[in-house]
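J.: Take a look and give me a structure for this.
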Amino acid sequence: MTANSQPMKLHKISTLCAVIACAAAFTGSDAVACTSAIVSGRASASGRPLLWKNRDTGQQHNFVERVNTGRPGELAYVGLFNAGDSLLSEAWMGMNEAGFAIMNTASYNLAPDTATVKDREGLLMSRALQVCRTVDDFARLLDTLPKPLGVQANFGVIDATGAGAYFETDDYRYTPFYLSESEDGVIIRTNFSRTGNATDGMGYIRCDNARHLLADRISNGGFVPEDFTETCSRSYWHSLLGRDVLADTTQHWAVDQDFIPRHSTSASVVIEGAMPGGDPSDCVMWTMLGYPGTAHIEAVTLDKVPETVRPTLPGWRSEASETSLKLRDTRVFPIHRGSGQHYIDLDYLRTEVPRQRALSTSAYRRARSRR
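T.: Numbering: from 1, shown residues only. A predicted model of the protein is given here:
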């Protein structure tokens, strides 16, 4: 393992174009569910754009690492990876030294699920972080990569000019939705696309959950990263039921269905971009690894990745992810027989969520005092 001051050299990783051209299969897909948003600087308290992803995936253990391929013309970046990805080949969210940042949510209504080439989203995002400086660069990348792309996704991107967009993307085409065209400067995506068919897709209730929780910010602006890591990702508001089950102290158990935090949540990350025209090195990746009810944030920058989120444990796992998921499996979902794994212990969370939120508050304060 290299120190943060010595970025990893990845001389043997092939480019995405070569990878897509071959027939090898990859298994790092975010094939479960995610909730996400992008926020324009005109709607944020800091004037910086925000990029949020509450990641749900079958690959529960995550880590963060800095990458430098060593190839001429390619950019260094920090990315979120699945445990075991020792080649750092599939980034599921990240930001680079030019101030470009990217994430995705799987989309289930863009095209029939019959593609023979699929699950390439992480590979595509790694390539984007290596070569893209702007939102327009990402569009050009999508235009020039060989088809089929092997993706069905909503890609969210921001850059150092303050621009941002979602690209609803399938194997052969994409439709951009630009922040500059959003009336309130906010776009939310879960697991359906606006350009997809209206009968399929997933995450409609979670999308409504996020809109409810963020309603005041959407109307009045002033977004901060905590709106996502400390509110949305820790909330058990259910828009279809019209109530917050965690606030109902008479209720001990809840079924894990259609909340933003889910058993499958492996991370909640907010990338706070640079001020338009500012220094890209000012970007911060506010990173919460593991289940949000049992985790707190760490501040990741291009120059410093805290040891707790790096892959320092056997199997290329991180301490932060390991600690959070152990609490999830023993305390939040303590019933392991029958269908018990679907039941959330709300009484435990009523104590644990405030404790983790306090740790996050301290981490935000420490990091901001150094900026």
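J.: can you list contacts of the helix ranked longest in the chain?
T.: When every helix of the chain is counted residue by residue (DSSP state H), the longest turns out to be helix 346-369. Helix 346-369 is touched from outside by 225-226, 229-230, 234, 236, 245-246, 249, 251-254, 284, 286, 288, 292-299, 327, 331-332, 334, with contacts defined as CB atoms under 8 Å, 6 or more residues apart in numbering. Just so you know, the C-beta spots here come from the backbone N, C-alpha and C atoms, and that holds for glycine as well.
J.: Report the buried members of the residues you listed.
T.: Among the contacts of helix 346-369, those that count as buried by neighbour count (16 or more other CB atoms under 10 Å) are 225-226, 229-230, 234, 236, 245-246, 254, 284, 286, 288, 292-299, 327, 332.
J.: Can you tell me the closest non-neighbouring residue to the most centrally placed residue in the chain?
T.: Taking CA atoms, centre = their mean as the criterion, residue 53 is the residue nearest the geometric centre of the chain, at 3.0 Å. On the basis of CB to CB, 6 or more residues apart in numbering, the spatially nearest residue to residue 53 that is not a chain neighbour turns out to be residue 103, at 4.2 Å.
J.: shouldn't the one you found be in contact with residue 95?
T.: No. Under the criterion of CB atoms under 8 Å, residue 103 makes no contact with residue 95, lying 9.7 Å away.
J.: Need the overlap of contacts for those two.
T.: Between them, residue 103 and residue 95 share the contacting residues residue 271, judged by CB under 8 Å, 6+ apart.
J.: Which parts of the stretch 51-200 of the chain are helices?
T.: Using DSSP state H, counting those that start in this stretch, the helices found in the stretch 51-200 of the chain span residues 121-131, 135-144.
J.: And for the residue lying closest to residue 128 once chain neighbours are set aside, the neighbour number?
T.: Residue nearest to residue 128 in three dimensions, not counting chain neighbours: residue 102, with 5.3 Å by CB to CB, 6+ apart. Around residue 102 there are 29 other residues, counting by other CB atoms under 10 Å.
J.: what residues are up against residue 192?
T.: Remark: with contacts taken as CB under 8 Å, 6+ apart, residue 192 is in contact with 107, 108, 109, 200, 201, 202, 203, 204, 207.
J.: repeat for residue 190
T.: Residue 190 makes contact with 33, 34, 35, 36, 105, 202, 203, 204, 206, 207, 210 under the criterion CB under 8 Å, 6+ apart.
J.: same deal with residue 277?
T.: When the contact criterion is CB under 8 Å, 6+ apart, the partners of residue 277 are 160, 161, 162.
J.: Residue 269 now?
T.: The contact partners of residue 269, by CB under 8 Å, 6+ apart, come to 52, 53, 55, 80, 93, 103, 285, 286, 287, 288.
J.: Mind checking which of the residues you listed land in strands?
T.: Counted as lying in strands by DSSP state E, out of the contacts of residue 269, are 52, 53, 55, 80, 93, 103, 285, 286, 287, 288.
J.: and the fourth one, what pLDDT?
T.: Right, the one you point to is residue 80. Here, the pLDDT recorded for residue 80 equals 98.
J.: next one: the first one
T.: The confidence metric pLDDT takes the value 98 at residue 52.
J.: and stretch 139-158, how far apart are its ends?
T.: Terminal residues of stretch 139-158 are spaced 12 Å apart (CA to CA, to the nearest Å).
J.: Could you list the low-confidence segments of the protein?
T.: 1-32, 113-115 (pLDDT under 70).
J.: Show the contacting residues for residue 162.
T.: For residue 162, the residues meeting the contact criterion (CB under 8 Å, 6+ apart) are 40, 41, 49, 273, 275, 276, 277.
J.: The same query, at a cut-off of 10 Å, please.
T.: Contact partners of residue 162, counting by CB atoms under 10 Å, 6 or more residues apart in numbering, are 40-42, 47-49, 99, 135, 179-180, 273-278.
J.: Residue 168 versus that one, what's the distance?
T.: Applying CB to CB, to the nearest Å, the value for residue 162 to residue 168 is 22 Å.
J.: And residue 86, by the same measure?
T.: Between residue 86 and residue 168 the distance is 32 Å, computed by CB to CB.
J.: quick one: which of the two has more around it?
T.: Taking other CB under 10 Å, residue 86 and residue 168 do not tie; residue 168 has more neighbours (22 against 11).
J.: now the closest residue to that one other than its chain neighbours: how far from residue 309?
T.: Leaving aside its sequence neighbours, residue 168 sits nearest to residue 193 (CB to CB, 6+ apart; 4.1 Å). Going from residue 193 to residue 309 by CB to CB gives 30 Å.
J.: now do residue 296
T.: 11 Å.
J.: Need the overlap of contacts for these two.
T.: Shared contacts of residue 296 and residue 309 (CB under 10 Å, 6+ apart): 287, 288, 289, 320.
J.: As TSV, these with distance to residue 119 would be great.
T.: Formatted as TSV, the entries for the shared contacts of residue 296 and residue 309 read as follows, by distance: CB to CB, whole Å:
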residue	distance to residue 119
287	23
288	25
289	22
320	25
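J.: can you give me the end-to-end distance of stretch 95-107?
T.: 22 Å.
J.: Can you give the distance of it from its chain's centre?
T.: 9 Å (CA atoms, centre = their mean, to the nearest Å).
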